[in-house]
Each structure stands twice: as structure tokens, then as C-alpha cells.
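Peer 1: After the sequence you'll find the predicted model.
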Amino acid sequence: MCQTDLGLRCLCPRLVRNPNYRESKRAVELGHPRPVTAEDHMDIIPLAARDLMGDTGVYRYTKLRRVKTPKGFKFWCIAFSSNDPHKRLPATAPSEEKYLALKEALQKKGPPQWYQAS
């Protein structure tokens, strides 16, 4: 994605990509009720992401956002910066020290990537 396109710089965890397993498992481990319906599963996504963002110290300067790949695949990500002034995120990427704990928790390699907001 070109940085002149309106987009978000994100770390995109599998934790918030698949609404059926990982979020449910983590949320239940953290004391949230086990999801039963499809709506319950969708409600788990922000709960699990919020807990992860808090646990890794990035909650205050990140936002949970929907993004899409160039092929149109949509998923949730934890956004650190945006080149859209209306997203209420910094325009520049954070230093690695600010996102290192989240990156390690997600077992990601490399810096956050740019994705188009959906």
C-alpha cells in the first residue's frame, strides 16, 4: 500500500483475525463468558484485543480498527498510526520500544505494516 493512500499502520494479530477460536479461548481465560452465538463471538474480538493492548502497555496510544488487504480481505488490527487525520492516531510510526511487548506477545517479525482502512 502506498503511504499516500488513507491507511493505518498496524500490527495485525491472529488473535483478532479469527472470531471463532483464539479470541474465545483468551477471553474465557481472562474471565469473560464463553461465547455461544455468532454475535457473542463478534463481541469477544474487542474484549480480547483490549485486554491484550492493556497487558502489553499499548492501550493508550492504539486503536482497534478494521482494515483490508489489496485483495479485499477484511480483518481487525491494532493500529498505531494513520495518514488519515480523522482517525485520531499519530501520523508517524511509533518507536519499536513502544510496540515491542505487543509484537513479542503476537510473535510477529518486523515493524507494523500499512493497511487500507475498511
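Peer 2: That came in fine, so what should we check first?
Peer 1: Contacts for whichever strand or helix holds R9 next, please.
Peer 2: For R9, the host element (DSSP states H and E) is strand 7-11. Applying CB atoms under 8 Å, 6 or more residues apart in numbering, the set of residues contacting strand 7-11 from outside is 1, 65, 67, 77-84, 87, 89, 93, 99, 102-103, 106, 108, 112-117. Placement of C-beta: from N, CA and C, glycine included.
Peer 1: Pairing partners for that strand, with directions?
Peer 2: strand 74-82 (antiparallel), strand 113-117 (antiparallel) (DSSP bridges).
Peer 1: any idea how far the longest one is from the chain center?
Peer 2: Relative to the centre of its chain, strand 74-82 is centred 5 Å away, using CA atoms, centre = their mean, to the nearest Å.
Peer 1: buried set for the following helix or strand past it?
Peer 2: Once strand 74-82 ends, the next helix or strand along the chain (criterion: DSSP H and E) is helix 96-106. Neighbour-count burial for helix 96-106 flags Y99, L102, K103, A105, L106 (criterion: 16 or more other CB atoms under 10 Å).
Peer 1: Check the gap between the last one and V58 for me.
Peer 2: It stands for L106. Shown here: L106 relative to V58, a distance of 11 Å by CB to CB, to the nearest Å.
Peer 1: now the first one
Peer 2: Remark: distance between Y99 and V58 (CB to CB) = 6 Å.
Peer 1: By average pLDDT, which secondary structure element in the protein comes out worst?
Peer 2: helix 22-29 (a mean of 69; mean pLDDT, DSSP states H and E).
Peer 1: Which secondary structure state does R65 sit in?
Peer 2: What DSSP: H, G, I helix; E, B strand; the rest coil gives for R65 is strand.
Peer 1: and it, what pLDDT?
Peer 2: Reading off the confidence values, R65 has pLDDT 87.
Peer 1: Name the nearest residue to K103, sequence neighbours excluded.
Peer 2: Spatially, and ignoring its direct neighbours in sequence, K103 is nearest to L11 (6.2 Å; CB to CB, 6 or more residues apart in numbering).
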